[in-house]
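*Asks:* sequence and predicted structure, then a few things I'm wondering about:
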Amino acid sequence: MASSMAVKRVIILGIDGAGAFVSEADTPYIDVLLLGGAKTNHAQTVFPSNSGECWGSLLHGVTPERHESHLNIKMEQNYPIASDAPSLFQIISEAKPNSQMASFVSWKPIQTGIIEENESVYKYAAPDEELVPAIVAYIRNNPDFELLFVQLDDVDAAGHQHGYGSEEYLKAISRADKQIGEISKAILNAGMLEDSLIIVTTDHGGGGLDAFNHGSDHPKDMTIFWGCRGSGVQSEADLVGLTIMDTAAVVLSALGLPVPGNWDAKLPNGLLVKTGQR
Ligand SMILES: [Zn+2]
C-alpha cells in the first residue's frame, strides 16, 4: 500500500518579498486558513535572498549553487530538462505520468528559468489582480490537479517602492491576504480543503541592509513566514531550523513520493503523520 500520509494535491501559495512581516500585518484569511495547521515566523531562506535563488530553492529542494535557476533567469534561458536538480514539477510528472500541475505567477521568469518545459504543467503569468481570478477558475475547472504553485508579486513591489515594513507595504500584505482568501474560498467550494496540503510562504524579506531592497544575509532579508495545513499536519511540530528548501520535501512527502537522497531539503521532524486509512 502506498503511504497513507498522502493527500490528493498540494497547493503552494507564495507571497513574494513578505519575509517575516506577515505577522505584523492584518492577515485574517491566512490566519483562518492555517488554523489547526503548523506555522513559523522564523524559517530561513537561502542566500543571496533574491527571488531567482529563493523560489528556485523552494521548487528544486537544493541550494542556489546546485539549481542555478537565477543564472537561467539572468541569461533568459529555459531551465534545462537534463539538470541533476529537477524541479518538483519534473519529479512529480516522472513519478505520476498523468499528473496535472499548474504554475500561476506574477513574476514571469519563474515559468522558464525555474520550471522546466513540461506538458503536464499549465503555466499562466499575469499581474496579481488578474492572476487571482484565473487561479479561482483553474481550481473550479480542474478537480484532479496534483500541484498548484502560486506567486503573488505586489508585496515585494511595495517593499521596493515604500520600504519593507512600511505602512504601505503592510497594507500590500493585507491585500495579498485577501487574495489568498479568494483562493481559499475556491478551494473550499471545490471540496478540496480536506484532501489537500496547503502551504503559505514567501521567498525572502527585505529592509536588512537597505530599507528598499533585499539580497543580503541580514535576518530581515533572510527570515520568512512559513505555514501549512492539511490532513496529517501536526500543529505542534517543531519547525525550528526550517528552510525554504524544506518546502520541496514537504510537498513530495505529502504526495506520498520519496524525497531524493541528494536533496538539501529535509522533511521537518513530526510535521506529517500518517492518518488512519480504512
Ligand atoms: Zn524584490
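*Replies:* The structure has been received and is ready for your questions. Residues are numbered from 1 along each chain as shown.

*Asks:* state the distance from the closest residue to Asn269 other than its chain neighbours to Asp154.
*Replies:* Using CB to CB, 6 or more residues apart in numbering and skipping the chain neighbours, the partner closest in space to Asn269 is Asp238 (6.0 Å). Glycine gets a C-beta too; all of them are placed from N, C-alpha and C. Distance, Asp238 to Asp154, using CB to CB, to the nearest Å: 33 Å.

*Asks:* who has more neighbours, those two?
*Replies:* Legend: neighbour count by other CB atoms under 10 Å for Asp238 and Asp154, higher for Asp154 (20 against 13).

*Asks:* give the contact list for that one.
*Replies:* 106, 127-128, 172, 175-176 (CB atoms under 8 Å, 6 or more residues apart in numbering).

*Asks:* and it, what's its pLDDT?
*Replies:* With respect to pLDDT, Asp154 has a value of 98.

*Asks:* please, which helix or strand holds Leu13?
*Replies:* Taking DSSP states H and E as the criterion, Leu13 maps to strand 9-15.

*Asks:* so which elements touch the helix or strand that that strand is followed by?
*Replies:* Going down the chain from strand 9-15, the next helix or strand is helix 28-33, by DSSP H and E. In terms of contacts (3 or more CB pairs under 8 Å, 6 or more residues apart in numbering; DSSP states H and E), helix 28-33 is packed against helix 167-189, strand 196-202.

*Asks:* recalculate using a threshold of 6 Å.
*Replies:* Helices and strands touching helix 28-33, by 3 or more CB pairs under 6 Å, 6 or more residues apart in numbering; DSSP states H and E, are helix 167-189.

*Asks:* and the angle for the helix it packs on with strand 196-202?
*Replies:* 170 degrees (axes from the mean of the first three to the mean of the last three CA atoms, to 10 degrees).

*Asks:* which positions in helix 167-189 come out as buried?
*Replies:* Using 16 or more other CB atoms under 10 Å as the test for burial, helix 167-189 gives 169-170, 172-177, 179-181, 183-184, 186-187.

*Asks:* wait, which of those residues is closest to Ser93?
*Replies:* Distance to Ser93, by CB to CB, is smallest for Ile187 among these, at 22.2 Å.

*Asks:* quick one on the thing from earlier: state the distance from the residue nearest to Asn269 to Leu267.
*Replies:* 12 Å.

*Asks:* could I get the full set of helices for the stretch 51-200 of the chain?
*Replies:* For the stretch 51-200 of the chain, helices defined by DSSP state H, counting those that start in this stretch occupy the ranges 51-60, 64-67, 69-74, 88-95, 109, 128-141, 154-162, 167-189.

*Asks:* Leu271: which of these is closest?
*Replies:* helix 51-60 (15.9 Å).

*Asks:* what is the mean pLDDT for the closest one?
*Replies:* 98.

*Asks:* what does that helix contact?
*Replies:* For helix 51-60, the external contacting residues (CB atoms under 6 Å, 6 or more residues apart in numbering) are 45-46, 64, 67, 69-70, 73, 85, 87-88, 110, 114, 203-204, 244-245, 247.

*Asks:* angle of it against strand 9-15?
*Replies:* Using the same axes, to 10 degrees: helix 51-60 against strand 9-15 is 160 degrees.

*Asks:* for Gly227, phi and psi?
*Replies:* The phi/psi pair for Gly227 (degrees, to the nearest 10) reads phi -150, psi 160.

*Asks:* give me the nearest residue to it, chain neighbours excluded.
*Replies:* Nearest one to Gly227, counting by CB to CB, 6+ apart, is Lys39 at 3.1 Å.

*Asks:* would you agree Leu197 is in contact with Arg9?
*Replies:* No: applying CB atoms under 6 Å as the test, Leu197 and Arg9 come out as separate, 7.6 Å apart.
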